[in-house]
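Enquirer: Quick check, what structure comes out for this input:
(2 chains)
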Amino acid sequence: MDSPESSQNPHDLPRDQIRIPAGLKAKYQQGDSEPHEIKIQNISRGGICMEDQVLLPEGTCLHLLLKIKEKVVDAYGEVSWSEKQESGFLHGIKFTFMDQDSREWLNAFVMDWAAEYIAESLDFSDIAEMEIDMGIECDSTVERRHYARLRLPLRVDFSFSGTTKFVQTQTHDLSEGGLCFTCGFNLRKDQELHLWLWLSATEEIHIRGIVRHTSKRYAEGKTIYFHGVEFLIIEDSSRSRFSEFLAQKRSELAAIEVSLDDIISQGDRPELP
Amino acid sequence: MGVPGSKAERISFATSKEHFEEVFKLAYKEYLRKGYCSPNPCERRIPIYNALPETVTFCLWRGENLAGTASLILDSPIGLPMEKVYPDEIQVLRTQGRKMCEVSLLALNSALIKEGVFAIYFAERLRCLYQLFKPLFWYAKATIGYTDLCIACNPKHKALYTSLHFQQFGAEKVYESVNANPSIAMRLDFDQAEERVKMTPGLHKLFFGTKLQLKHVSENFRWSKENFISFFCEKSDVIKSASPKEIDYLTKCYPDFKIDELRMQYNPSAG
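Expert: Alright, predicted model coming up:
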């Protein structure tokens, strides 16, 4: 890894390649000739790409003096490729020798320059906001719920008030104590909701709940939010009907597994108007 | 299956079976390519340390593909991975009261990230490396309050880690678990890190410009028994080749998994 791979032309590197800071000066000396100032296009610990008016044949050995910050790095290099440009020639120079101090200085410079260059473009919001989903990989011994979840996609409508049904979506899993549903937008933690859970095409029960956790997933370019809702208020008749429904489903569908893909493949997820 | 994403690049914790499948396969592919491991029929590199509940694995996704990964292993009764090569050096730090963790299973996807002339100094490679190291650094330092981030690396990468202000604390040795390649031990002392990083304004801006507050993954994530068996019994020899000490510790971590029974099942000769 330390030595450059000659098969690749650095001029072909990705567009986000590090560009050296303006003012990085360099000179080269060929044999006993006078040092000759050059313009550096880019740099690495493996070599430089430089612009010059003179064509240097491949294999030409050069003595390089690179002024990096307050230090002059003394290196030897070899021309590994050349390319004609409108205003001169572009040369790839592979370092063939550099003392340890110079190498470390160059390393530190390139790493630091790259960090400066890259810093503002990095986005860590996903990992900083990531909710660790308890429902997918969590072992039952650390299950926080009192009831076993049933992974079952049921229609559920929700709203922030009890008068209108705001959004129609479906459950990811549910239990006697709560449910998890998916939708295309985020809800805040501790948001209270009115839920209408459809046990069949004609039978719904009304539940008041509170968002206890949310998590975000990506699939096929879409963002899916999973919202874990704890039930707060459920009428006794609805509760017993729901328990009966779950018991029946558990016995019928003991092995049911609804994957994220199944949910995502149903493309009619609700979006905010 | 990769993890789909709407952003070009994003970093996340590994928390699902699919994530870990990608992680172990990528680590195997890249380690094999570099000669850090020998071919194995499962085509996954699955260390025992990834079975531990406190281990945290970071994933860098590029679109739907895993572009890079690194795992953070915390010191535990079974020690750190590098302790097999540097037992004395680690013990000295431990007796000084240092709380150490180790970067392990670090791999960048060479199919996505070109190597080329400028090797690791490609902006592209550096981007990936920094994206993994920044959350790893803040997780170790702030989320769990550890004092030192250690790594056993090939001596040819010494300059890279030196530039990141790691300091060598163990001499060059042969590291058996990476196919007997040479390694050196390096560590980043968090007590001194910020002062040292100030000498390099670019790195300071990147690492300290915005501090990351990350959730404590192991408080919320544990292997399910099904996935534990899949990865550590069926797709690797982790349980089969675990030492009695390692079996004891895994049993403490997962009392319901009946680790001894699993070992007997997958390695009858162990009994």
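Enquirer: what about the helix or strand in which B:Thr251 is found, near chain A?
Expert: Of the helices and strands defined by DSSP states H and E, B:Thr251 is found in helix B:244-253. No. Residues of helix B:244-253 are not located near chain A by CB under 8 Å from any CB of the partner chain, the shortest gap being 10.4 Å. The C-beta positions use only the backbone N, C-alpha and C, and glycine is treated the same way.
Enquirer: If you count contacts, what does that helix end up packed against?
Expert: With contacts defined as 3 or more CB pairs under 8 Å, 6 or more residues apart in numbering or on different chains; DSSP states H and E, the secondary structure elements packing on helix B:244-253 are helix B:259-266.
Enquirer: So is the helix it packs on next to chain A?
Expert: No. On the criterion CB under 8 Å from any CB, helix B:259-266 is out of touch with chain A, staying 13.3 Å away.
Enquirer: in that helix, what's buried?
Expert: For helix B:259-266, burial by neighbour count (16 or more other CB atoms under 10 Å in any protein chain shown) applies to B:259-260, B:262-263, B:266.
Enquirer: Stretch B:167-177 now?
Expert: Buried residues in stretch B:167-177, counted by 16+ other CB under 10 Å: B:169-170, B:173, B:175, B:177.
Enquirer: Just put those in a markdown table and tack on distance to B:His157, secondary structure and pLDDT.
Expert: Compiled in a markdown table, the buried residues of stretch B:167-177 are given as follows (distance: CB to CB, whole Å; DSSP: H, G, I helix; E, B strand; the rest coil; pLDDT from 0 to 100):
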| residue | distance to B:His157 | secondary structure | pLDDT |
| --- | --- | --- | --- |
| B:Phe169 | 15 | strand | 96 |
| B:Gly170 | 14 | strand | 95 |
| B:Lys173 | 15 | strand | 92 |
| B:Tyr175 | 13 | strand | 87 |
| B:Ser177 | 17 | helix | 79 |
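Enquirer: So what's the model's average confidence on stretch A:225-233?
Expert: Averaged across stretch A:225-233, the pLDDT comes to 88.
Enquirer: quick one: it near chain B?
Expert: No. Counting by CB under 8 Å from any CB, chain B is not contacted by stretch A:225-233; separation bottoms out at 12.1 Å.
Enquirer: Let's test this: mean pLDDT of the helix holding B:Thr251, rounded?
Expert: Summarised as a single mean, pLDDT over helix B:244-253 is 94.
Enquirer: about what we covered before: and which of the buried residues of helix B:259-266 is nearest to B:Ala140?
Expert: Out of those, the one with the shortest distance to B:Ala140 is B:Ile259. That distance is 27.3 Å, counting by CB to CB.
Enquirer: Where does pLDDT dip in chain A?
Expert: Counting by pLDDT under 70, chain A shows low-confidence ranges at A:1-25, A:44-45, A:131-149, A:218-221, A:250-273.
Enquirer: May I see the domains of it written out as residue ranges?
Expert: Chain A breaks down by automatic domain parsing into domains covering A:10-119, A:133-265.
Enquirer: Secondary structure element holding whichever residue of the stretch 1-150 of chain A sits closest to chain B?
Expert: Closest contact between the stretch 1-150 of chain A and chain B, by CB to the nearest CB, is at A:Glu116 (3.0 Å). Under the assignment given by DSSP H and E, the secondary-structure element containing A:Glu116 is helix A:100-119.
Enquirer: Also A:Leu193?
Expert: Counting by DSSP H and E, the element that carries A:Leu193 is strand A:192-198.
Enquirer: So which elements touch that strand?
Expert: Using 3+ CB pairs under 8 Å, 6+ apart as the contact definition, the elements that strand A:192-198 packs against are strand A:155-159, strand A:204-219, strand A:222-234.
Enquirer: How far off centre is the second one?
Expert: Translated: strand A:204-219. With CA atoms, centre = their mean, to the nearest Å as the basis, strand A:204-219 stands 24 Å off its chain's centre.
Enquirer: Return the list of strands paired to it, each annotated with direction.
Expert: Its sheet considered, strand A:204-219 pairs with strand A:192-198 (antiparallel), strand A:222-234 (antiparallel) by DSSP bridges.
Enquirer: Also the shortest one?
Expert: According to DSSP bridges, strand A:155-159 forms sheet pairs with strand A:167-175 (antiparallel), strand A:192-198 (antiparallel).
Enquirer: who's in contact with the residue in chain B positioned nearest to chain A?
Expert: Of all residues in chain B, the one sitting closest to chain A is B:Gly202 (3.0 Å; CB to the nearest CB). Taking CB atoms under 8 Å, 6 or more residues apart in numbering or on different chains as the contact definition, B:Gly202 lies against A:111-117, A:119.
Enquirer: Throw the domains of chain A into a markdown table and include mean neighbour count, thanks.
Expert: Conversion of the domains of chain A to a markdown table gives the following (neighbours: other CB atoms under 10 Å in any protein chain shown):
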| stretch | mean neighbour count |
| --- | --- |
| domain A:10-119 | 17 |
| domain A:133-265 | 16 |
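Enquirer: Could you export those as CSV, including distance to B:Leu108?
Expert: Written out in CSV, the entries for these read as follows (distance: least, CB to CB, whole Å):
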stretch, distance to B:Leu108
domain A:10-119, 14
domain A:133-265, 21
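Enquirer: what about the spatially most central residue of chain A, which helix or strand?
Expert: Centroid check for chain A by CA atoms, centre = their mean gives A:Asp126 as the closest residue, at 6.8 Å. Element membership for A:Asp126, per DSSP H and E: helix A:125-129.
Enquirer: Could you list the residues in contact with the helix holding B:Thr251?
Expert: With contact meaning CB under 8 Å, 6+ apart, helix B:244-253 is reached by B:48, B:51-53, B:76-78, B:239, B:242, B:257, B:259-260, B:263.
Enquirer: Could the C-alpha coordinates of it be exported in PDB?
Expert: Provided in PDB are the C-alpha atoms of helix B:244-253 (Å, rounded to 0.1, in the frame of the first residue of the first chain):
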ATOM      1  CA  PRO B 244     -13.700 -22.400  28.400                       C
ATOM      2  CA  LYS B 245     -13.200 -18.800  29.500                       C
ATOM      3  CA  GLU B 246     -15.000 -17.500  26.500                       C
ATOM      4  CA  ILE B 247     -17.800 -20.000  26.900                       C
ATOM      5  CA  ASP B 248     -18.200 -18.900  30.500                       C
ATOM      6  CA  TYR B 249     -18.400 -15.200  29.600                       C
ATOM      7  CA  LEU B 250     -20.800 -15.900  26.800                       C
ATOM      8  CA  THR B 251     -23.000 -17.900  29.200                       C
ATOM      9  CA  LYS B 252     -23.000 -14.900  31.500                       C
ATOM     10  CA  CYS B 253     -24.000 -12.600  28.700                       C
END
